[in-house]
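Peer 1: fold the stuff below for me.
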Amino acid sequence: MDEQLCNLEITEEQVISELERLRDDKAAGADDLVPRFLNKIKVDISYPLTLLFQRIMEDREEPDEWKEQMWCQYSRMGVEEKHPATDW
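Peer 2: Model (predicted):
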């Protein structure tokens, strides 16, 4: 993990602020939690999330689950033909 990132201090206020940026009209993520639910419990989960993020920074290693990605490819143009990567 980047040394600059490891020295980053994450506060509970920052976590709440980021949770407030979630849009209620968006779909659930890979964790199946919808943003509306997270917005409603943001104050309750901000402290545990802050501790989790701080611990990850101290250990300098993110959980393996965070390294997994789900990819869904779609065309911005709405065409099923192959296009350059900039059209995806």
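
Peer 1: buried ones in the host helix or strand of Ile56?
Peer 2: If you go by DSSP states H and E, Ile56 is part of helix 42-59. Neighbour-count burial for helix 42-59, counted by 16 or more other CB atoms under 10 Å, picks out 42, 46, 49-50, 53, 56-57. For glycine as for every other residue, the C-beta is placed from the backbone atoms N, C-alpha and C.

Peer 1: give me the mean pLDDT for that helix.
Peer 2: Helix 42-59 shows a mean pLDDT of 90.

Peer 1: distance check, the closest residue to Ala28 other than its chain neighbours against Glu61.
Peer 2: Leaving aside its chain neighbours, Ala28 sits nearest to Val34 (4.6 Å; criterion: CB to CB, 6 or more residues apart in numbering). Relative to Glu61, Val34 is positioned 29 Å away (CB to CB, to the nearest Å).

Peer 1: higher neighbour count, the two?
Peer 2: Higher neighbour count among Val34 and Glu61: Val34, with 16 against 11, using other CB atoms under 10 Å.

Peer 1: ok so, going back, how much space between the residue nearest to Ala28 and Asp25?
Peer 2: Val34 sits 10 Å away from Asp25, going by CB to CB.

Peer 1: likewise Arg36?
Peer 2: Separation of Arg36 from Asp25 (CB to CB): 8 Å.

Peer 1: quick one, which of those two is more surrounded?
Peer 2: The neighbour comparison of Arg36 against Asp25 (other CB under 10 Å) goes to Arg36, with 13 against 7.

Peer 1: before we move on, the earlier item: any chance of the buried residues of helix 42-59 in a markdown table, plus distance to Thr11?
Peer 2: Formatted as a markdown table, these follow (distance: CB to CB, whole Å):
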| residue | distance to Thr11 |
| --- | --- |
| Lys42 | 14 |
| Ser46 | 9 |
| Leu49 | 11 |
| Thr50 | 7 |
| Phe53 | 10 |
| Ile56 | 15 |
| Met57 | 12 |
